[in-house]
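Asker: Predicted coordinates and the sequence they were generated for:
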Amino acid sequence: MKIQTAVAHFDEPLYLESGRILESYDLKYETYGELNAAKDNTIVVFHALTGSHHAAGRYEGDTKVGWWDPLIGDGKIVDTTHYFVICVNVLGSCFGSTSPMSINPKTKEALRLKFPVLTISDMVRSQMNLFKRLGIESAHAIIGGSMGGMQALCMAVEFPSFVKRAILLATTYATGPWAIAFNKLAMEGIKNDPRFHDGNYDPNDFEEEGLLSFAIGRMAGHISFLSPHSMNKKFGRNYVETDGLYELFGRFQVEKYMEYNGHSFAKRFDPLSYLYIIKAMNIFDATRNYDSLEDSLKFIKAKLTLIAFQGDCLFMPEEMETIKTTMENMGRGDRVDYACIDSHYGHDAFLVEYDKFDFYIKKALEAKV
């Protein structure tokens, strides 16, 4: 599989939903496969909150593959011998695109809290500018899970002529209070940590030890990605062998796992980027600039494939079902397919239980529109 990574720089301004302007910006992206002569074999893959442009394959000397490697590649469900796949690191992320820690060319200092609040629409609009530069006028399909699904829905609504098929997994049309509440824990932890210094920290400070409160907030958030069933199956009541049962701070295996996950994440993900991205997720609402969900969805021309997961406690199946029933009530039931996967893994099932849903992606990619 041919993998190419690049950074596109844009000198033209990006007018944001908030009314603010990014005078210039960078987008880091990765492509897999070859764009055909007609430029009509593109599949856009959107990453989730903590993901990046590295969706598939393995870099030289790296032991870890891209976050959706089981699905993307030569001969796989998203077959890169046939399709040209592109994944863009979203604005605000800390993996190469313009973010709060990017340098303001005028002041020569990091933007930090002067960076503007972004929306999912802003992220999508910037990506559309990239596709235009690459000469891609339409996509065979767009695919995304969680925040990636928000981007896919947004693109289908706001750029209907670009999208032929939109595949949404484990997502919602508007972030609900349950998800916002989990994000609040991380947000409070970050901004109230003494080492955060009101956003004026040195990024190198976190290489050895991340923000403690960020790590704790991440632990809470990570619980929302899993489920009681998956935790019980993975950890049960197993105790750490080197810890004493009657030691006050002795740990169950699940506690050790949460510590590792939270602290390792806090060392590799920039806290300001996290704040800005969860803000974009929190305010995502496909109806905000419309009279209703129906008024929003009426612009969609694409065939929708909605894939929910029964054990998802973050973006629950009924949220995806609302999109389906709204389309049906509009007399457009033939433009939407819905599947609720029998899964007890939790929200992260779309990153783990590939064999339970890959058929639906294959069917959507092959369907005539």
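Answerer: Thanks, I have it. Numbers count the residues shown, from 1 in each chain.

Asker: got the contact list for the helix or strand residue 365 falls within?
Answerer: Here residue 365 sits within helix 358-366, counting by DSSP states H and E. Under the contact criterion Cβ atoms under 8 Å, 6 or more residues apart in numbering, helix 358-366 has outside partners 43, 71, 77-78, 83, 140-141, 143, 165, 167, 303, 305, 307, 337, 339. Bear in mind the C-beta positions are built from the backbone N, C-alpha and C, glycine included.

Asker: Can you mark which positions in that helix are buried?
Answerer: Buried residues in helix 358-366, defined by neighbour count with 16 or more other Cβ atoms under 10 Å: 360, 361, 364, 365.

Asker: Need the mean per-residue confidence for that helix.
Answerer: Averaged across helix 358-366, the pLDDT comes to 97.

Asker: how far does that helix sit from the chain's center?
Answerer: Averaged C-alpha coordinates place helix 358-366 at 20 Å from its chain's average position (Cα atoms, centre = their mean, to the nearest Å).

Asker: So which elements touch whatever helix or strand residue 185 lives in?
Answerer: Taking DSSP H and E as the definition, one finds residue 185 inside helix 177-191. Under the contact definition 3 or more Cβ pairs under 8 Å, 6 or more residues apart in numbering; DSSP states H and E, helix 177-191 sits against helix 212-225, helix 271-282.

Asker: looking at the ones you listed, which is closest to residue 261?
Answerer: Set against residue 261 and scored by Cβ to Cβ, the helices and strands packed on helix 177-191 come closest in helix 212-225, at 5.5 Å.

Asker: still on that earlier bit, now the helices and strands packed on helix 177-191 in JSON lines, with mean pLDDT?
Answerer: Shown next, in JSON lines, are those (pLDDT from 0 to 100):
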{"stretch": "helix 212-225", "mean pLDDT": "91"}
{"stretch": "helix 271-282", "mean pLDDT": "97"}
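
Asker: and these as a markdown table, adding mean neighbour count and distance to residue 314?
Answerer: Shown next, in a markdown table, are these (neighbours: other Cβ atoms under 10 Å; distance: least, Cβ to Cβ, whole Å):
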| stretch | mean neighbour count | distance to residue 314 |
| --- | --- | --- |
| helix 212-225 | 22 | 5 |
| helix 271-282 | 22 | 10 |
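
Asker: looking at those, which is closest to residue 134?
Answerer: Nearest of these (Cβ to Cβ): helix 271-282, 23.9 Å.

Asker: Only the buried residues of the next helix or strand after that closest one, if you could.
Answerer: Downstream of helix 271-282, the next assigned helix or strand under DSSP H and E is helix 293-297. For helix 293-297, the buried set under the neighbour-count rule, 16+ other Cβ under 10 Å, comprises 293, 296, 297.

Asker: Pull up the distance across stretch 338-351, start to finish.
Answerer: One end of stretch 338-351 sits 19 Å from the other (Cα to Cα, to the nearest Å).

Asker: Show the average pLDDT along it.
Answerer: 96.

Asker: hmm, who's touching that stretch?
Answerer: Here stretch 338-351 makes contact (Cβ under 8 Å, 6+ apart) with 48, 67-68, 145-146, 169-170, 224-227, 229-230, 233, 305-315, 317, 320-321, 324, 352-353, 356-357, 360.

Asker: Now list the buried members of the residues you listed.
Answerer: 48, 67-68, 145-146, 169-170, 224-227, 230, 305-309, 311-315, 317, 320, 324, 353, 356-357, 360.

Asker: May I have the secondary structure class of the residue nearest the centre of the chain?
Answerer: Closest to where the C-alpha atoms of the chain average out (Cα atoms, centre = their mean) is residue 48, at 1.2 Å. Following DSSP: H, G, I helix; E, B strand; the rest coil, residue 48 is assigned to coil.

Asker: Quick check: nearest residue in space to it, chain neighbours excluded?
Answerer: Nearest non-adjacent residue to residue 48, counting by Cβ to Cβ, 6 or more residues apart in numbering: residue 146, 4.0 Å away.

Asker: Likewise for residue 109?
Answerer: Leaving aside its sequence neighbours, residue 109 sits nearest to residue 103 (Cβ to Cβ, 6+ apart; 6.8 Å).

Asker: what bridges to that neighbour?
Answerer: Listed beta-bridge partners, residue 103: residue 110 (assigned using DSSP bridges).

Asker: ranges for the helices of the stretch 201-350 of the chain?
Answerer: For the stretch 201-350 of the chain, the helices defined by DSSP state H, counting those that start in this stretch occupy 212-225, 228-234, 253-268, 271-282, 293-297, 317-329.

Asker: now the end-to-end length of stretch 38-56.
Answerer: OK, stretch 38-56 end separation, Cα to Cα: 24 Å.

Asker: For it, buried residues please.
Answerer: Those would be 41-56, for stretch 38-56 by 16+ other Cβ under 10 Å.

Asker: of those, closest to residue 8?
Answerer: Ranked by distance to residue 8 (Cβ to Cβ), the buried residues of stretch 38-56 are led by residue 53 at 11.2 Å.

Asker: so how far is residue 6 from that closest one?
Answerer: Distance of residue 53 to residue 6, given as Cβ to Cβ, to the nearest Å: 9 Å.

Asker: hmm, back to that, who are the neighbours in contact with the residue nearest to residue 48?
Answerer: By Cβ under 8 Å, 6+ apart, the neighbours of residue 146 are 48, 49, 169, 170, 171, 314, 315, 347, 350.
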